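K.L.:
give the three-dimensional model of this entry:
(2 chains)
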Amino acid sequence: MSLQEHVHHNVIKMKKTDIAIYEKTHRQLIDSYKEIEELSKKKPNEPINKFKLKFVNKSLSDANSFLGDSLRPFPDFLLFDEDELPTVSDVKLILSHYKSSLHNFMLKNSESSGYGGREWIINGNASDIDVVLF
Amino acid sequence: MDIFCKNIRRKMVLLRPRLNDCYNIPITQEEVDFAIPFLDEDIPLYVDPFLLWKSPSQQDTSLHLTLTNCFNHLGYLLKKDQETKAKEILIKSSECNEVGLGNSKTRIGKPIGEHAAKEILTLYESIPQIRDSGFIHVEEIQLYVKGISKDRISDFACTFLKSFLIDFTIDQCNKFKIPLEKSIIEVYNSQTYKFVKETTLLPQNPETKKPIILVPKRWLRRIPWINLEDYAFGYYTKEILKKDDARPELNSVLTFNRQNYDIVQTYLKIKESQIKDCKNDPLFTPIPILSTKRKIESILKLPSGKTGNADKKYEDFVCQLMTSLVYPQLDFAQEQSRTESGSLIRDLIFYNNRSYDFLKDIYDKYDSRQIVFELKNVKELERDHINQLNRYMKEQFGQVGIIVTRNPPPKNIFTNTIDLWSGQRRCILILTDNDLKLMCEIYEGKQRKPIDVIKKKYIEFTRACPS
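P.N.:
Next comes the predicted model:
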């Protein structure tokens, strides 16, 4: 069963191969957020350019495939429409929510390792794979 | 009915039609190497031979040499007692209607008279240095002969370089699929120094059937780099006149120049040394960012209505802003005023060159070949305003019109635009102060294109239309 199918049925079960994808998605989303946060200090109301928006949407799309309907921050938001001219602050707001949602996803799919860290739950069972915290 | 006739019929409804419009070819001025000619009037630019002289391209410098050789050949003819022949060539070469450059509203100019031709040729006799070595810059004759101005210099250049311009035109027409027609045209042969009739392929004005020659944009300026005003009021006033001397009369400057060849040469050397500042002029120059900021600030401060001529000021500011904000996706065609129900209405008309995805969409769906922007400095848009634009579109344009006004329309007015779509397939978009402000911010930030704001409005409108 694919990750999408897991999520679709609200049975959030991580496979070992999903961990690398999750880590990449989360890392990219946080990096995008930092970038946008910097931009928003200067010109929050400026529409974001198409190049940046394309990559923000890619990160959001990857995140959506993990989060599914249950964990996605807003039920009626999936991706930005470039024709709507989303501003820097719009993008910052959404990325901020997605950051939290991905964190929640990680909490739901991991458990405390007892040493202050966390370990992934793989196929419903505890594993000894540490969660990388961003 | 063949496509050609259909295009002619369509051309009739266009304002200030250009060559590509009549053949339905979607090109913008920005993307092509030539100045797109108007069908009914001249382009207000001139060929400046100095741009060829300073060009890094060997082709251009060679052409400059051809031009001066052809011109100086007239001096040679004079030496050989063939004044009549020289005069004939000079008169014939003084007008080049095929290129359509200058100020004419009809694309037809007149050649110089016998007297002016004689005066030019006299320079080869009265000034020893010219008699011996000829001209290096033909523009120089403006500094000696009355009535020879930028348009004449441009015409001389175009006539003597017509053979090259014909090849250039054919190349460009093939590149952009502009139809070529068999034309008989008189060309100056720079090897035999004679005018000969040639049969060639050139684009034609579909109505008059007259051939059209395209000119490279890189050769064009509004004013030649070397010109009489610059000489008289710049160099001559500063360097030659004494402190208390009155502003010179141009006639007396010309007489002075004919007797002081060396002084003119010093001026020419100075102009040559300032070569870096000599650039070709684009047909349209967008206003600087700072200027858009000032204009939008002024618009936002203006009251709605007519108090203190606020409506005129609003229209002026929006006109200056909008032409720059939508450039280069939309080329500005013309500003137009009309009276309807006793009130004066000002519009901006743009060519729809289908240079952007949604522009192609409105062209295909609404047959929008030109887009009309109607300016309304009113507090609240009314049904009458929408109907006025609708009637106007019906008469002249495709089915897309844009109203630029101060505030978002009341719901019933927006519904009215949707009803017009349902009933007559009209697309009327409404831009407000906030949209203009956003367009200016985008113009400044350069992250998106200001025209994206109009696209957004179009998408919102389309979504609101019943499916």
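K.L.:
buried set for the helix of greatest length in chain A?
P.N.:
Secondary structure assigned by DSSP state H gives helix A:16-42 as the longest helix of chain A. Neighbour counts over helix A:16-42 (16 or more other Cβ atoms under 10 Å in any protein chain shown) mark A:18-19, A:22, A:25-26, A:28-30, A:32-33, A:35-36, A:39-40 as buried. C-beta: built from backbone N, CA, C; applies to glycine.
K.L.:
got those as CSV, with distance to chain B and pLDDT columns?
P.N.:
As requested, the buried residues of helix A:16-42 are arranged in CSV below (distance: Cβ to the nearest Cβ, whole Å; pLDDT from 0 to 100):
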residue, distance to chain B, pLDDT
A:18, 35, 89
A:19, 35, 91
A:22, 31, 91
A:25, 25, 93
A:26, 26, 93
A:28, 21, 94
A:29, 21, 95
A:30, 22, 95
A:32, 15, 95
A:33, 18, 96
A:35, 13, 94
A:36, 12, 95
A:39, 9, 93
A:40, 13, 94
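K.L.:
now tabulate the residues you listed in a markdown table and tack on distance to residue B:457.
P.N.:
Below are the buried residues of helix A:16-42 laid out as a markdown table (distance: Cβ to Cβ, whole Å):
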| residue | distance to residue B:457 |
| --- | --- |
| A:18 | 42 |
| A:19 | 45 |
| A:22 | 40 |
| A:25 | 35 |
| A:26 | 37 |
| A:28 | 33 |
| A:29 | 31 |
| A:30 | 35 |
| A:32 | 28 |
| A:33 | 30 |
| A:35 | 29 |
| A:36 | 26 |
| A:39 | 25 |
| A:40 | 25 |
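K.L.:
out of these, flag the one nearest to residue B:384.
P.N.:
Checking the buried residues of helix A:16-42 against residue B:384 with Cβ to Cβ, the nearest one is residue A:40 at 42.9 Å.
K.L.:
wait, doesn't that closest one sit right on residue A:88?
P.N.:
Yes. Proximity of residue A:40 to residue A:88 meets the contact threshold set by Cβ atoms under 8 Å, at 4.6 Å.
K.L.:
what about the residue in the stretch 101-250 of chain B that chain A sits nearest to, neighbour count?
P.N.:
Residue nearest to chain A within the stretch 101-250 of chain B: residue B:176 (27.4 Å; Cβ to the nearest Cβ). Per other Cβ atoms under 10 Å in any protein chain shown, the neighbour tally for residue B:176 reads 18.
K.L.:
chain neighbours aside, what residue packs nearest to the residue in chain A positioned nearest to chain B?
P.N.:
Of all residues in chain A, the one sitting closest to chain B is residue A:49 (4.0 Å; Cβ to the nearest Cβ). With sequence-adjacent residues excluded and distances taken as Cβ to Cβ, 6 or more residues apart in numbering or on different chains, residue A:49 is closest to residue B:447, at 4.0 Å.
K.L.:
just to be sure, the one you found is in a strand?
P.N.:
No. Going by DSSP: H, G, I helix; E, B strand; the rest coil, the assignment for residue B:447 is coil, not a strand.
K.L.:
what about residue B:401, helix or strand, and which?
P.N.:
Using DSSP states H and E, residue B:401 sits in strand B:400-405.
K.L.:
quick one, the helix or strand that that strand is followed by and strand B:400-405 angle?
P.N.:
Downstream of strand B:400-405, the first helix or strand assigned by DSSP H and E is helix B:411-424. Interaxial angle of helix B:411-424 relative to strand B:400-405 (axes from the mean of the first three to the mean of the last three Cα atoms, to 10 degrees): 170 degrees.
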